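J.: Requesting a structural model of the entry that follows:
(chains A and B)
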Amino acid sequence: MTATSDRLSRWTPAMFACALVNLGLALLLAVGGLAWPAVPATAPVSLAMVHLLTIGWLTLLMFGALFQFVPVITSRKLPSQTLPLLTLIGIECGLALMVGGFCALGRSAWAGLLLPIGGGLVIGALLVGGATLLVPLAAKRPVSLSARFVLAGLGFLLLTILLGLSFALALTVPATVPALAPLLADGVAYHALAGLGGWFTLTAIGVSYELLPMFMLAPHERGALGAAVLWVGVGGFLAAVAAGVAATVWPAGWLAALEPAGRGVIVLALGLYLADVVLLYRSRRRRQIELHNRAAIGAFVALGLAVLLAVGAVATDRLAALAPSLVLLVLLGWLSGLGLTQLYKVVAFLSWLSRYGGRLGRGPVPLVQDLVNEPRAASFFVLYFASVAVAAGAAAFGLADVIRAALAFALLAVLLLAREYARAWRAVYARAAPAAVPRSPTIPGPEGVPR
Amino acid sequence: MTQTAPRTLDVRPELRAGGEPFPRIMQAVASLEPGQTLRLLATFEPIPLYAVLGRKGLAHRAIHHGEEDWEILFTPEASAAPAPPPPRPASGGHVGDGAGWLAPKQSLDNRGLQPPEPMVRILSALEQLAPGEVIEAWNDREPLLLYPELEARGAAIQVRQEVAGVRLLIRRGG
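T.: Below you'll find the predicted structure:
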């Protein structure tokens, strides 16, 4: 491995690798029949799978990406490269204990010990990670649109943690049950909405507003539409989550009305975002779109389908029946899809930077695109999104075996993509085709000393 | 200095119709007489074009007349002042931007280029400088990933955010 010096966020590559392992484990639990869809979604192992996906995969991926990109969008360094390591260790160890705790739930008293300790570790790690990101985000003025999305996302992360903490208390400390029982019955939907919507989706939108224009040469300034996506989105998620949670405790009429209004506003925000994404692709100055942004269209389609499905499900009063499809579209189609596609570029870019940064201008170096094999990876992205589409479709009809088979193909696609990321990181393709790099006769000077 | 009247190319109707005027622009450039200026009328500032035509030895000067109304003059560098932003003597020996730096030997317009192209161009140009010489570069954003590379090479940088982009002055150490 090349020395990364301070070109890269030091622990970001390790976070990406751990995140991918967690994604693989989660899919393996589903495919192997230990978790949903073979058993109920509320079964302990299903909860373990969900937290492997949300904390182990998406949160870790998001923090790995943010540790790298927040310094770029704020032009400020992180206060420390050790705090991200603590975040990684805390999340991984805490998650392992949580998974153990979920598996012990209802079987062993260990659950009462493992869940709060594991959850506490994860929460501590997330607070450390969030504070590490807040330092550059708070210092930079003016605050860019992307940074605003990240700040909003971190706020919702805190809200998600607080709601999760309430469940953990209700599940493990009997004395708190009377007060928290209503929340435990109805609050899971709001924990999920705050996490999947407020934290992941708002942050992913912010990161997409940075990465899409950067690599498609589209206008960075998103103007009134981008600002509308931010404020309408924050307002919608906040109203829906806060009113929904409050209504479980105080069943007031106006609270019950505010919650669906908030959900309507969320639909509006996501519709505005997708319209802006279409504008972004159309206004690009690069005619050729690189694979990661071609494949990302699959994630945007999944988000659009999820919005339409949510609206249709509410309109026909079938939300409970269609919830699994909705969660699959959001979790695997939109969020994981965007993550996997953007990773494809990000890993190659970071690998290129750490490998060749010191030699730039002093001799020939490969291009970033020489580190990837787009035709090969393209079919893996097709396999991934097609599998997720089949799984989401099968979930609408409760076809557990079809879901499992489709997720097996999704897992295969993830493994194949992970191998491509590893190849980009080790510059396998660049070494295989050194002839693609002509030596420039006009640039004198010694070869750079590898550091 | 002999001056041929500028050749005017108005691509605004084509852009409004959703067309791609790039081939026509390149045709017009190819048919310019020596020393002749191309006057391009467009609905937006064609920043990527600056790099393309810059490589063909054309300096640019953009005038913003109003919303969706830009006039850009592409002038052969041999017959005109060096590329704006701010024209300055291209020869060494003059005092540059404060701190006793030399005037920039070269100006790179990296706006509209996909990362990592701006960094590659800056470092390639830097390696061709003599110690103490300076280059100017215009980027879309502050080049945070460039700083460690400059530090490793003992180069110094001045960064200023301006309306048109981020202006960098980079001096080779040694």
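
J.: tally of neighbours for residue 158?
T.: You didn't pick a chain, so chain A it is. 16 (other C-beta atoms under 10 Å in any protein chain shown). Bear in mind the C-beta positions are built from the backbone N, C-alpha and C, glycine included.

J.: Actually, chain B is the one I wanted.
T.: Residue B:158: 16 neighbours (other C-beta under 10 Å).

J.: secondary structure class for it?
T.: Classification of residue B:158 by DSSP: H, G, I helix; E, B strand; the rest coil places it in strand.

J.: same check, this time on residue B:60
T.: Residue B:60 - assigned by three-state DSSP - is strand.

J.: where's residue B:167 relative to chain A, distance?
T.: Using C-beta to the nearest C-beta, to the nearest Å, residue B:167 is found at 14 Å from chain A.

J.: can you map out the strands along chain B?
T.: B:7-10, B:38-42, B:58-66, B:69-76, B:106-109, B:134-139, B:156-162, B:165-171 (DSSP state E).

J.: By mean pLDDT, show me the worst of those.
T.: Of all the strands of chain B, strand B:58-66 carries the lowest average pLDDT, namely a mean of 77.

J.: Which other helices and strands does it contact?
T.: Packing partners of strand B:58-66 (3 or more C-beta pairs under 8 Å, 6 or more residues apart in numbering or on different chains; DSSP states H and E): helix B:47-55, strand B:69-76.

J.: 7 Å instead?
T.: Secondary-structure packing of strand B:58-66 (3 or more C-beta pairs under 7 Å, 6 or more residues apart in numbering or on different chains; DSSP states H and E): strand B:69-76.

J.: which residues are in contact with stretch A:114-130?
T.: Residues from elsewhere that reach stretch A:114-130 (C-beta atoms under 7 Å, 6 or more residues apart in numbering or on different chains): A:55, A:63, A:83-84, A:86-87, A:90-91, A:93-95, A:97-98, A:100-101, A:104, A:154, A:157, A:161, A:164-165, A:168, A:171-172.

J.: Can you say which of the residues you listed are buried?
T.: Buried residues within these, defined by neighbour count using 16 or more other C-beta atoms under 10 Å in any protein chain shown: A:55, A:63, A:83-84, A:86-87, A:90-91, A:94-95, A:97-98, A:100-101, A:104, A:154, A:157, A:161, A:164, A:168, A:171-172.

J.: Give me the secondary structure label for residue A:355.
T.: Quick answer, by three-state DSSP: residue A:355 is helix.

J.: Show me what residue of chain B gets nearest to chain A.
T.: residue B:123 (3.4 Å; C-beta to the nearest C-beta).

J.: Near chain B, which residues of the stretch 101-250 of chain A are found?
T.: Residues of the stretch 101-250 of chain A lying near chain B by C-beta under 7 Å from any C-beta of the partner chain: A:214-215, A:217.

J.: quick one: which of those is most hemmed in?
T.: Neighbour max across those (other C-beta under 10 Å) = residue A:215, 20 neighbours.

J.: for that residue, what are its contacts?
T.: A:290, A:293, A:345, B:114.

J.: Count the residues that sit near residue B:103.
T.: Residue B:103: 18 neighbours (other C-beta under 10 Å).

J.: Point out where the chain drops to low pLDDT.
T.: Defaulting to chain A. A:1-7, A:172, A:174, A:176, A:433-451 (pLDDT under 70).

J.: Wait, chain B was what I had in mind.
T.: In chain B, residues with pLDDT under 70: B:1-3, B:66-67, B:78-99.

J.: for the residue of chain B closest to chain A, what are its contacts?
T.: Per C-beta under 7 Å, 6+ apart, neighbours of residue B:123: A:360-361, B:149.

J.: what would these look like in JSON lines with neighbour count and distance to residue A:259?
T.: What follows is the contacts of residue B:123, written out as JSON lines (neighbours: other C-beta atoms under 10 Å in any protein chain shown; distance: C-beta to C-beta, whole Å):
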{"residue": "A:360", "neighbour count": "23", "distance to residue A:259": "54"}
{"residue": "A:361", "neighbour count": "21", "distance to residue A:259": "57"}
{"residue": "B:149", "neighbour count": "23", "distance to residue A:259": "52"}
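
J.: would CSV of the residues you listed with distance to residue B:119 be doable?
T.: Listed next are the contacts of residue B:123 as CSV, based on distance: C-beta to C-beta, whole Å:
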residue, distance to residue B:119
A:360, 7
A:361, 9
B:149, 7
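
J.: Return the subset of the residues you listed lying in helices.
T.: residue B:149 (DSSP state H).

J.: Just give me the closest of the contacts of residue B:123 to residue A:426.
T.: In terms of C-beta to C-beta, no member of the contacts of residue B:123 lies closer to residue A:426 than residue A:360, at 19.8 Å.

J.: give me the beta-bridge partners of the residue nearest to the spatial centre of chain B?
T.: What sits nearest the mean C-alpha location of chain B, by C-alpha atoms, centre = their mean, is residue B:109, with 3.3 Å. Beta bridges link residue B:109 to residue B:138, judged by DSSP bridges.
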